[in-house]
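Q: Here you go, sequence then predicted model.
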Amino acid sequence: MRDVLHADVREQLKSLKLDPSRPLIVSDADEVIFAFVRGLEAFLLDNGHFLDLKSFALSGNIRDSETGEPVSATDVKQLIEGFFDQRTEQIEPVDGAAEALTALSERAEVLVLSNVPLHRREARSRALAKHGMDFPLIANIGTKGGAMAFLVRQREAPVFFLDDIPHNIASVARTAADVIRLHFVADPRLRRLLGAAEDAHERIDDWPQARGYIESRLAEFGF
């Protein structure tokens, strides 16, 4: 069922120590904070495959390097699992992410809400810290509306949400309508394949602009 909060995610959220009187910025990781596609491409080339971006999806776009044929859905799943198992800590950050989030953290709390596999949560936390973004991390499962509904409960200050996937933004719109939703797609090739999410308040694809937008909205709210 869509927008349901997974029990494992609930337990992570319950362990957070957040101040409900402060604004909250919740950011996705892949293609918002980390350059997922660039990292995946390198992994695929090292393992006999390549990425042929014809649509905003992985199924059908991962191909065998020898035959040029798209691999099966099962193979796609195994390759993505292998990528996270072997390279989670090696994915490079998106330009400007650390600088923007560090500056914003002076005025708001920052939380990373990522669909990284749960068993790679610690590796992703280490990657964040290595690149100057030592913020709390929740390893989400499924769409993100359930987690966001939990986070906004009893919160007195504005909440911002950044994600590259339209169905996550739609999920948050359904469950936590007051959250300010930014559609952010870091890779320029993916941007060209995907229009602005209908349920986003803004489409912003680089961190200096995202920082400026959030700062201006914080000022409107008196923060």
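A: On my side now, so go ahead.
Q: can you tell me which residues contact the nearest residue to V94 once chain neighbours are set aside?
A: Closest residue to V94 apart from its sequence neighbours, by CB to CB, 6 or more residues apart in numbering: A186 at 4.4 Å. For the C-beta atoms, the positions are set from N, CA and C on the backbone; glycine is no exception. A186 is in contact with E31, V32, A35, V94, D164, D205, D206, counting by CB atoms under 8 Å, 6 or more residues apart in numbering.
Q: Check D19 too.
A: Here D19 is in contact with E109 (CB under 8 Å, 6+ apart).
Q: for the one 3 residues further on, same thing?
A: In this structure, R22 makes contact with A108, E109, A157, F223, judged by CB under 8 Å, 6+ apart.
Q: ChimeraX command to pick out the buried ones of the residues you listed?
A: Applying 16 or more other CB atoms under 10 Å to those, the buried members can be selected in ChimeraX as follows:
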select :108,109,157
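Q: With secondary structure as added columns, please give the contacts of R22 in CSV.
A: Formatted as CSV, those follow (DSSP: H, G, I helix; E, B strand; the rest coil):
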residue, secondary structure
A108, coil
E109, strand
A157, coil
F223, coil
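Q: Adding pLDDT and distance to G82, write the contacts of R22 out as TSV.
A: Shown next, in TSV, are the contacts of R22 (pLDDT from 0 to 100; distance: CB to CB, whole Å):
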residue	pLDDT	distance to G82
A108	98	36
E109	98	34
A157	96	41
F223	95	43
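Q: Now for the contacts of R22: which two are most distant?
A: E109 and F223 (11.2 Å; CB to CB).
Q: Thanks again, I'm all set now.
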